[in-house]
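Trainee: Compute the structure for the input listed below.
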Amino acid sequence: MFLNMAKSPKNSPADPEKSRSAPRSTPVEDELNERDGAIAVPAQVAGSGALDRLVDTARDYARASTAENTSRAYAADWKHFTRWCRLKGTEPLPPSPEMIGLYLADQATSFSVSTIDRRLSGLAWNFAQRSFTLDRKNRHIATVLAGVKRKHARPPVQKEAILAEDILAMVATLPFDLRGLRDRAILLLGYAGGLRRSEIVSLDVCKDDTPDSGGWIEILEEGVLLTLNAKTGWREVEIGRGSNDQTCPVQALEQWLHFAKIDFGPVFVRTSRDGTKALEARLSDKHVARLIKQTVLDAGIRSDLPEKERLALFSGHSLRAGLASNAEVDERYVQKHLGHASAEMTRRYQRRRDRFRVNLTKAAGL
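Mentor: As a prediction, the model looks like this:
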């Protein structure tokens, strides 16, 4: 096991923009705190400063092996499973395929198939961190999971796409103070780039500005080039300049960087409470989700529905779905822009498209 076993204090800031910049343990580290197994120099090897530094380096790489959101989900999966085991009077370790099968069957009526499948992946990861192997192909697991999918599988619930007229209405609700300039750049850049919310806030001005960077920007005459370290690997995203300065994502980005006086470090940072001064702390990806929901309400989008239902319809993925649904270009360009490995994944994001553009019935002679 590579992870350091340090508990982190449980505190949540009152300021919604507040983000923690100090290093802290991840939920997975907290879950593994009960076990021995942090990286250490073998007992038969004499310790040295150089080896101790390598231990720290290895721990850092281990923390970076999974995304923070994935680590958080895996920790929740393990907590849920161990609690279930306690209630049933059994032990979570060593892994028992029979008990895992019973666990999956017990969850089938309460959780979606996608959640159950994700939980199984989380358990496999957690068992591996404890030096155990979970064979997902074992018949006690595989057959139960196949039956759950066959009986309970439903089409995925998709978030509403933010359409072109929607994003224009949303940015129109923002003020023109420093905070408004920042949020306008976030919405327009995220929409035009088809970016995940984590990709938006992880951007730095230049390469290697900060250790937690997820990419950087390069502003050119034709637009802005983003180099992203995304969940599917490194990719480049080209965002061209728009036809209107008021809604151009590149113009919005340039204005934010100019007035916030940002030339190094994170592109999107917190602002002071009065919205007049840029601070050093990088924004959390939760800010993007809150921003989308708030501007959707302020712009009156889907005002035919109650507020609670409207908020549930939109999320950070609404920006990616909006680009995929609105871009009137060849599908392969949208696929490359979004970083999808297959055209089928891109089609999942397209809430509206010409579904019968290719008529195979006629092509087959009928």
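
Trainee: domains in the protein, as residue ranges please.
Mentor: Domain assignment for the chain, taken from automatic domain parsing, gives 27-152, 164-349.

Trainee: quick one: which of these has the weakest pLDDT on average?
Mentor: The minimum mean pLDDT among the domains of the chain belongs to domain 27-152 (a mean of 82).

Trainee: gap between that domain and the chain center?
Mentor: Remark: domain 27-152 is offset 20 Å from the chain centroid, using C-alpha atoms, centre = their mean, to the nearest Å.

Trainee: For Ile116, which three-state class applies?
Mentor: helix (DSSP: H, G, I helix; E, B strand; the rest coil).

Trainee: if I pick it, what's in contact with it?
Mentor: 104, 107-108, 145, 148 (C-beta atoms under 8 Å, 6 or more residues apart in numbering). The C-beta positions use only the backbone N, C-alpha and C, and glycine is treated the same way.

Trainee: And Gly300, by the same measure?
Mentor: Gly300 sits next to Ala169 when contact means C-beta under 8 Å, 6+ apart.

Trainee: just to revisit the earlier point, I'd like the domains of the chain as a markdown table, with distance to Ala363 appended.
Mentor: A markdown table is the format used below for these (distance: least, C-beta to C-beta, whole Å):
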| stretch | distance to Ala363 |
| --- | --- |
| domain 27-152 | 33 |
| domain 164-349 | 18 |
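
Trainee: These: which one's closest to Lys362?
Mentor: domain 164-349 (20.6 Å; C-beta to C-beta).

Trainee: so where do the strands sit in the stretch 201-350 of the chain?
Mentor: 203-204, 215-219, 223-230, 233-240, 269-271, 278-282 (DSSP state E, counting those that start in this stretch).

Trainee: Out of the contacts of Ile116, the closest to Lys286 would be?
Mentor: The closest of those, once distances to Lys286 are taken by C-beta to C-beta, is Gln107, at 27.0 Å.

Trainee: residue boundaries of the helices in the stretch 51-200 of the chain?
Mentor: Ranges of helices within the stretch 51-200 of the chain are 68-88, 97-107, 113-129, 139-152, 164-172, 178-193, 197-201, based on DSSP state H, counting those that start in this stretch.

Trainee: which non-adjacent residue is nearest Glu280?
Mentor: Once flanking residues are discounted, Glu280 sits nearest to Val269: 6.3 Å by C-beta to C-beta, 6 or more residues apart in numbering.

Trainee: contacting residues for the one you found?
Mentor: 182, 260, 262, 278-283.

Trainee: at 7 Å instead, please
Mentor: Neighbour list for Val269: 278-283 [criterion: C-beta atoms under 7 Å, 6 or more residues apart in numbering].

Trainee: Got a PyMOL select line for the buried ones in the residues you listed?
Mentor: Burial among the contacts of Val269 is assessed by 16 or more other C-beta atoms under 10 Å; the matching PyMOL selection reads:
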select buried, resi 278+281+282+283
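
Trainee: can you pull the buried residues of stretch 101-109?
Mentor: By neighbour count with 16+ other C-beta under 10 Å, stretch 101-109 contains the buried residues 101-104, 107-108.

Trainee: Can you lay out those residues as TSV showing distance to Arg197?
Mentor: TSV is the format used below for the buried residues of stretch 101-109 (distance: C-beta to C-beta, whole Å):
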residue	distance to Arg197
Gly101	36
Leu102	37
Tyr103	32
Leu104	31
Gln107	28
Ala108	31
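
Trainee: Go through the residues you listed and name the one nearest Thr133.
Mentor: Once C-beta to C-beta is applied, the member of the buried residues of stretch 101-109 that ends up nearest Thr133 is Gly101, at 16.3 Å.

Trainee: what's the spacing between the closest one and Arg72?
Mentor: As judged by C-beta to C-beta, to the nearest Å, Gly101 and Arg72 stand 26 Å apart.

Trainee: List the buried residues in stretch 197-211.
Mentor: For stretch 197-211, by 16+ other C-beta under 10 Å, it's 197-205, 209.

Trainee: Straight-line length of that stretch, end to end?
Mentor: This stretch, stretch 197-211, spans 19 Å end to end (C-alpha to C-alpha, to the nearest Å).

Trainee: Now do the phi/psi pair for Ala161.
Mentor: When read as degrees, to the nearest 10, the backbone of Ala161 gives phi -80, psi 140.

Trainee: number of nearby residues for it?
Mentor: Ala161 sits with 22 neighbouring residues when counted by other C-beta atoms under 10 Å.

Trainee: Please name the bridge partners of the residue nearest to Glu280.
Mentor: Arg282 (DSSP bridges).

Trainee: Neighbours of Arg273, how many?
Mentor: Neighbouring residues of Arg273 were enumerated by other C-beta under 10 Å; the total is 10.

Trainee: and if you look at Thr66?
Mentor: A total of 15 residues lie near Thr66 under the criterion other C-beta under 10 Å.

Trainee: how much space is there between it and Lys286?
Mentor: For Thr66, the distance to Lys286 - C-beta to C-beta - is 19 Å.

Trainee: can you tell me which residues contact the closest residue to Gly190 other than its chain neighbours?
Mentor: Leaving out its chain neighbours, the residue that sits closest to Gly190 by C-beta to C-beta, 6+ apart is Leu319, at 4.5 Å. Contact analysis of Leu319 by C-beta under 7 Å, 6+ apart lists 162, 190-191, 194-195.
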